[in-house]
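Peer 1: predicted model and sequence below, questions to follow.
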Amino acid sequence: MTALVLDLHTGSYRQLLYVVIAEAVALLGVLLTTRKPQHPIAWGFAATALLWALLHVQYDALDIAQIFVLGLALGYIRWRSGSTLLTILLHMLNNIIAMIETAISLGSLP
């Protein structure tokens, strides 16, 4: 994340955008909606959140736990709203906030 914050002028932000969209479409748009009907929706939330958290192994255990909880919340929002676009936007907002927090902690912002 640090390198990404420092290299935003090189176009790395586009890669971040593509990753956010790919994760949301694959996990929330496809995996969550194709679960077997006999399984409770909570299983779908847990499975997608777990897979999403495991995609972020570059972070420490606390960050991965937070990502898992965010995944549960995004799964619920996707299910209640029916909108993958909404979860993409919320995921992007979360990443922007995380990037700002990182930049502040590194002293990269004026």
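Peer 2: Sure, I can see it. This is a predicted model, so every value here is computed, not measured. Residues are numbered from 1 along each chain as shown.
Peer 1: could you show me where the helices are in the chain, in order?
Peer 2: 2-6, 12-23, 41-54, 61-81, 84-106 (DSSP state H).
Peer 1: list the buried residues in the longest one.
Peer 2: Neighbour-count burial for helix 84-106, counted by 16 or more other C-beta atoms under 10 Å, picks out 84, 86-88, 90-91, 94-95, 99, 102-103. Every residue, glycine included, has its C-beta placed from N, CA and C.
Peer 1: picking up where we left off before, using JSON lines, lay out the helices of the chain together with mean pLDDT.
Peer 2: Output for the helices of the chain, formatted as JSON lines (pLDDT from 0 to 100):
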{"stretch": "helix 2-6", "mean pLDDT": "43"}
{"stretch": "helix 12-23", "mean pLDDT": "65"}
{"stretch": "helix 41-54", "mean pLDDT": "83"}
{"stretch": "helix 61-81", "mean pLDDT": "91"}
{"stretch": "helix 84-106", "mean pLDDT": "86"}
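Peer 1: which residue is the nearest non-sequential neighbour of I77?
Peer 2: T87 (5.8 Å; C-beta to C-beta, 6 or more residues apart in numbering).
Peer 1: contact partners for that neighbour?
Peer 2: Each residue near T87 by C-beta atoms under 8 Å, 6 or more residues apart in numbering is listed here: 24, 28, 74, 77-78, 81.
Peer 1: try 6 Å this time
Peer 2: For T87, the contacting residues are 24, 28, 74, 77-78, taking C-beta atoms under 6 Å, 6 or more residues apart in numbering as the criterion.
Peer 1: out of the residues you listed, flag the one nearest to I67.
Peer 2: Distance to I67, by C-beta to C-beta, is smallest for L74 among the contacts of T87, at 10.1 Å.
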